[in-house]
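> what shape does this take:
(2 chains)
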Number of protein chains: 2
Amino acid sequence: MPSAPRSVVEHRAVVAALLSPTPAEDVPLAQSLGRVLAADVVAAVSLPSFENSAMDGYAVRAGELAGASEASPVAFRVAADIPAGRTDVPVLEPGTVHRIMTGAPVPAGADAVVPVEQTDGGVERVLIRVVPEKGAYLRHVGEDVHAGDVVLTAGTVLGAAQIGVAAAVGSATLPLRRRPVVLVLSTGSELVAPGTPLQPGQIYESNGPMLAAAVEDAGGVAELLRFVPDDVEQFLGTLRERVEEGAVDLVLTSGGVSAGAYEVVKDAFTGRGVEFVKVGMQPGGPQGAGRMAELGDVAVVTLPGNPVSSQVSFEVFVRPALRAAMGHPHPDRAVVTATLSEGLRSPAGRRQFRRGTVDAVQGTVREVGTVASHMLGSMALAECFFVVPEDVTELPAGAPVEVWLLDD
Amino acid sequence: MPSAPRSVVEHRAVVAALLSPTPAEDVPLAQSLGRVLAADVVAAVSLPSFENSAMDGYAVRAGELAGASEASPVAFRVAADIPAGRTDVPVLEPGTVHRIMTGAPVPAGADAVVPVEQTDGGVERVLIRVVPEKGAYLRHVGEDVHAGDVVLTAGTVLGAAQIGVAAAVGSATLPLRRRPVVLVLSTGSELVAPGTPLQPGQIYESNGPMLAAAVEDAGGVAELLRFVPDDVEQFLGTLRERVEEGAVDLVLTSGGVSAGAYEVVKDAFTGRGVEFVKVGMQPGGPQGAGRMAELGDVAVVTLPGNPVSSQVSFEVFVRPALRAAMGHPHPDRAVVTATLSEGLRSPAGRRQFRRGTVDAVQGTVREVGTVASHMLGSMALAECFFVVPEDVTELPAGAPVEVWLLDD
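Numbering: from 1, shown residues only, chains lettered A, B, ... in the order given. You can find the predicted model right below:
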């Protein structure tokens, strides 16, 4: 009697345990979009780092303007001109003002800025028509950020705003988690590269490009190794060569694991640290995971070869593990609840992942395609998976289901 | 009397009109993730492209198995062995069977497959214990996709599943919209590259890295040109050089457009086809847009220099225009409605874009930082913008507001 299948939850834990957190590396700001901080970013400088003007106008000593008004403006000599970026700003001598631009350093001696709109805008002499408050239109050192402040915390995913903040506090590089490197292998001598003619019996290889794109989309680095024929020695040799060349975090295969003869993945990995199991799910039952001692304990995950099984298995087991390894704060897809637009039946003992489209306004989910794992045509139309639990064999229209959004 | 400011809606239209749809280019499958199809993808082959077995088992003539049962199995000679990928499959002669693997071509003459589980699994001779239905476990040509079918439509954004489908129907390259190329220029002699020491009066350049990342995040290609000093001739020379070198879809500047002296962007572009306007928004009032005839009619958009103004202006005007130009079906950020967790006041006549965080469970939005456009520290914490319309000057806690989600 065959043993009970492994649960989805258990196999997720097995795969997750294969991948350790990737180490930190320093990355130039320009290559950091979408990646995850390995450590806090501390401000090297305060923002602003020097007292500066909030307006175009004149730096003044406020006390010298007592009595100024529209009717009786006060005249000053403009002793200096301070554009933004001037680094040799002279002290403001009593009885004079400096013309100053937004963001320019406020001269020592000045205690307020009068906006140009409240003056005659003079360049050598200026008439000022208001009495400013002390401190008016000055931006103070550190009023935004203090040097030493943590401006971004470890685990932050870097978007444009975060990159701007890091640049503003002086970071030229950032400590980021290394992107996990995944070797994607497709096996099967029936596979032919797209773009070449097909012989009868051959098919275009689609799992390799699909999984490589899925790895990149998850934040990893994919290396696609194609068309190892169904020959165990050649398969192992190709693998060994590539693993010995450099850092490989995961070897990901598809196909070659079912009950038939000529199952190269199974034959190559069996007895070498990779365990093959039947997982209680549909599509995607035949799964494998482990480490190959003879290849430096490299992590191996084997997915089934049918395209839809392969995609579903990647989403359920591999994507969250890769994202957790790179420190992503949200390793899983966004999950929402929606109601079924049509009833369904499902076999007992298997967690079904069905493909669907979501109507966000109605809060409903509609199946696209069928559960059949060789059906590719409708795979492109799915916006989500929805889940039918193991112990549920029938759901009526209107029943609530868990929905994984695939385009977040 | 100053003229009324231009509305946000009007300036969005002005910027959008500057960018034409980018042309199509053929791109290898492996570089197509996240990009947009310029044309439909038509299947070069049917899926399956040949009749194949849905199971590991034996290809048979169903009629020859009449009477087979557990109690009285029928014996056959196994005349051939058909692994997946075999291209020279012999005809099935009467009175024999072929051993066949999942996905392998069904031999001419066979009309059903018997799964290995319903046999003794023999290699030279096999005992079969069931009577199969005609057509059992056969996958028919075109049952998934017919050659000539459109499997992906123009405008589709390519994810892993779509790339898998394109590969399966034989596409080695895809016709994609070219990514718009954006020259990002930061102006200001006060700007210093992160990683070098600051003199008093200098600041680290943050808008350039921030806008370059925002362009990449939107799907464009950013080229960051740094630290053109506040010198009009040098600025124009740098620009001319780069535009003449190759395809540039947009020149994007930040800073140098307010009312002060030393406004290099304004000085360089005024009278050359770029119009500077005041837009009724906060932050981000001073905007510019146009085409420079003397530089091959290249599109120019000038954003204000304060970091938050610059980020908000990019999101409101540039991002949707770039994404529309590259054919993206959803050029705008996802918009939801949430209720304010605290009341606020807003000036009349300006559309405010405030930064916030969203509580998806409560459906509320809370402001982070302030509207002040020089405040960078809190920019990194914002998950969304929320919008206070021009004619609204006060909103109580609990009021519904439009929320733009920044991490979609």
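
> what are the boundaries of the helices in chain A?
Ranges of helices in chain A, per DSSP state H, are A:8-18, A:160-168, A:207-218, A:232-245, A:264-269, A:307-313, A:319-325.

> distance from the fifth one to the middle of the chain?
Helix A:264-269 sits 33 Å away from the centroid of its parent chain (C-alpha atoms, centre = their mean, to the nearest Å).

> just the residues contacting it, thanks.
Helix A:264-269 is contacted by residues A:187-188, A:228, A:230-232, A:235-236, A:239, A:253, A:255-257, A:276, A:288, A:290, A:292, A:300, A:302 when judged by C-beta atoms under 8 Å, 6 or more residues apart in numbering or on different chains. Glycine gets a C-beta too; all of them are placed from N, C-alpha and C.

> specify the beta-bridge partners of A:Val274.
Listed beta-bridge partners, A:Val274: A:Gly290 (assigned using DSSP bridges).

> count of residues packed around it?
22 (other C-beta atoms under 10 Å in any protein chain shown).

> measure it to chain B for me?
21 Å (C-beta to the nearest C-beta, to the nearest Å).

> might one say that that residue is in contact with A:Met292?
Yes - between A:Val274 and A:Met292 there is a contact under C-beta atoms under 8 Å: 6.7 Å.

> can you name the residue of the stretch 201-350 of chain A nearest to chain B?
Of all residues in the stretch 201-350 of chain A, A:Met210 sits closest to chain B, at 2.9 Å by C-beta to the nearest C-beta.

> could I get the helices of chain A in TSV, plus columns for distance to A:Ala382, mean pLDDT and mean neighbour count?
Below are those laid out as TSV (distance: least, C-beta to C-beta, whole Å; pLDDT from 0 to 100; neighbours: other C-beta atoms under 10 Å in any protein chain shown):
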stretch	distance to A:Ala382	mean pLDDT	mean neighbour count
helix A:8-18	19	97	17
helix A:160-168	30	95	26
helix A:207-218	13	96	26
helix A:232-245	31	85	15
helix A:264-269	26	82	23
helix A:307-313	9	93	27
helix A:319-325	15	98	22
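
> which residue packs closest to the residue of the stretch 201-350 of chain A closest to chain B, ignoring adjacent ones?
Leaving aside its sequence neighbours, A:Met210 sits nearest to B:Gly164 (C-beta to C-beta, 6 or more residues apart in numbering or on different chains; 2.9 Å).

> cool, and A:Pro107?
A:Leu92 (4.3 Å).

> distance of that neighbour relative to chain B?
On the measure of C-beta to the nearest C-beta, A:Leu92 and chain B end up 15 Å apart.

> mind checking pLDDT for that residue?
With respect to pLDDT, A:Leu92 has a value of 97.

> report how many residues lie close to it.
Counted with other C-beta under 10 Å, A:Leu92 comes out at 22.

> ok, it touching A:Gly109?
Yes - applying C-beta under 8 Å, one finds A:Leu92 in contact with A:Gly109, separated by 3.6 Å.

> related to what we said a few turns ago, need the contact list for the residue nearest to A:Pro107.
A:59-61, A:79-80, A:98, A:107-110.

> next one: A:Ala68
A:74, A:128-131.

> so of the residues you listed, which ones are in strands?
Those of those mapping onto strands are A:74, A:128, per DSSP state E.

> by neighbour count, which of the contacts of A:Ala68 wins?
A:Ile128 (23 neighbours).

> how far away is that one from chain B?
17 Å.

> go on, A:Val361?
Distance from A:Val361 to chain B, by C-beta to the nearest C-beta: 12 Å.

> what score does that residue have for pLDDT?
pLDDT, A:Val361: 85.

> can you count the residues close to A:Ala108?
11.

> for A:Pro175, list each beta-bridge partner.
A:Asp26.

> which ones are touching it?
A:Pro175 touches A:24-27, A:37-39, A:41, counting by C-beta under 8 Å, 6+ apart.

> farthest-separated two in those?
Spatially, the most separated pair among the contacts of A:Pro175 is A:Glu25 and A:Val41, at 14.8 Å (C-beta to C-beta).

> the two: which has the busier surroundings?
A:Val41 (23 against 14).

> with adjacent residues omitted, what lies nearest to that one?
Leaving aside its sequence neighbours, A:Val41 sits nearest to A:Leu152 (C-beta to C-beta, 6+ apart; 4.1 Å).

> just the pLDDT at that neighbour, thanks.
The model's pLDDT for A:Leu152 equals 95.

> just checking, it touches A:Leu37?
Yes - using C-beta under 8 Å, A:Leu152 makes contact with A:Leu37 at a distance of 5.9 Å.

> can you pull the residues that touch both of these two?
A:Leu158.

> so what's the gap between stretch A:303-314 and the chain middle?
Counting by C-alpha atoms, centre = their mean, stretch A:303-314 comes out at 23 Å from the chain centroid.

> what's in contact with that stretch?
A:187-188, A:206-207, A:210-211, A:214, A:252-258, A:281, A:283-287, A:317-318, A:353, A:355, A:369, A:372-376, A:379, A:385, B:103, B:160-161, B:164, B:168.

> what about it, how long is it end to end?
Start-to-end span of stretch A:303-314 (C-alpha to C-alpha, to the nearest Å) is 7 Å.

> same deal with stretch A:41-61?
First residue to last in stretch A:41-61 (C-alpha to C-alpha) measures 38 Å.

> for it, buried residues please.
A:41, A:43-61 (16 or more other C-beta atoms under 10 Å in any protein chain shown).

> show me what contacts A:Val243?
A:183, A:251, A:295-296, A:298.

> which two in the residues you listed are spaced the farthest apart?
Taking C-beta to C-beta as the measure, these span a maximum distance of 12.8 Å, between A:Leu183 and A:Gly296.

> between the two, which has more neighbouring residues?
A:Leu183 (23 against 11).

> who's in contact with the more buried one?
A:Leu183 touches A:223, A:225, A:239, A:242-243, A:248, A:250-252, counting by C-beta under 8 Å, 6+ apart.

> residues near the residue nearest to A:Val215 when sequence neighbours are not counted, how many?
With sequence-adjacent residues excluded and distances taken as C-beta to C-beta, 6+ apart, A:Val215 is closest to A:Ala222, at 3.8 Å. By other C-beta under 10 Å, 23 other residues sit near A:Ala222.

> circling back: shared neighbours of A:Val274 and A:Met292, anything?
Contacts common to A:Val274 and A:Met292, judged by C-beta under 8 Å, 6+ apart, are A:Val300.

> return, as residue ranges, the portions of chain A with sub-threshold pLDDT.
A:1-2, A:227-230, A:257-262, A:371-375, A:408 (pLDDT under 70).

> got the domain ranges for it?
A:8-23+A:178-325, A:24-47+A:150-177, A:52-139, A:335-405 (automatic domain parsing).

> and these as CSV, adding distance to B:Ala4?
Output for the domains of chain A, formatted as CSV (distance: least, C-beta to C-beta, whole Å):
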stretch, distance to B:Ala4
domain A:8-23+A:178-325, 46
domain A:24-47+A:150-177, 31
domain A:52-139, 18
domain A:335-405, 37
